[in-house]
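> predicted model and sequence below, questions to follow.
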Amino acid sequence: MATFEEQTACVVEALFSDLLGEDDTDCRSLETDLGEPVQSAGEPPTRFDPVVVASRLRRMGDQCNLDFERISSEALAEVLKGKMEKFGAAVDSLSRSWSDQNPELVYERAFLSVSVKLLMYVAKKVQAAVLPNQLTEVINGNSQVRNYIEACGGWENLDN
């Protein structure tokens, strides 16, 4: 059983592979979430499939309707210039404000949605500035988000 941190890294790698158009893993599309992970013969059955989880995260990111160019935030302005050291602060600030404006949206879901959407946005603008470990560290470093994912039953049950 992989640790939470290892699973997060696998999910983020799968998400990046799809974003950068390099996903030929088992010829699957992230848009297809059948809920059944592909496994090799002889492997013990597992419910954790990073490609399926990445697809769910991407859908969560697609639900984020924030216009990053119109938001006044010093941290966000730095991130939009490709200075990713402020990525975590920008995501946290945007997530809190978005969930405050939408009471039905819990902070943790807002955090995941904003982090994926902002990462996708920056990757299109300044692809060289974006690395998978930035998103992995932001998710793993937020105990509130981690506790939320674990309370759902882990990555494999997120948004099921």
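Nice, I can see it.

> kindly check the end-to-end length of stretch 99-114 for me.
Terminal residues of stretch 99-114 lie 10 Å apart, using C-alpha to C-alpha, to the nearest Å.

> quick one: buried residues of it?
The neighbour-count check on stretch 99-114 (16 or more other C-beta atoms under 10 Å) flags Ser99, Tyr107, Glu108, Arg109, Ala110, Phe111, Leu112, Ser113, Val114 as buried. Every residue, glycine included, has its C-beta placed from N, CA and C.

> same check, this time on stretch 72-86
Result for stretch 72-86 [16+ other C-beta under 10 Å]: buried residues Ser73, Ala75, Leu76, Glu78, Val79, Leu80, Met84, Lys86.

> quick check: closest non-adjacent residue to the fourth one.
Right, Glu78. Lys86 (4.2 Å; C-beta to C-beta, 6 or more residues apart in numbering).

> list the helices and strands the strand or helix carrying Ser17 packs on?
Secondary structure from DSSP states H and E places Ser17 in helix 4-19. Counting contacts by 3 or more C-beta pairs under 8 Å, 6 or more residues apart in numbering; DSSP states H and E, helix 4-19 is packed against helix 50-62, helix 107-125, helix 132-140, helix 143-151.

> mind listing what's buried along that helix?
Result for helix 4-19 [16+ other C-beta under 10 Å]: buried residues 7-19.
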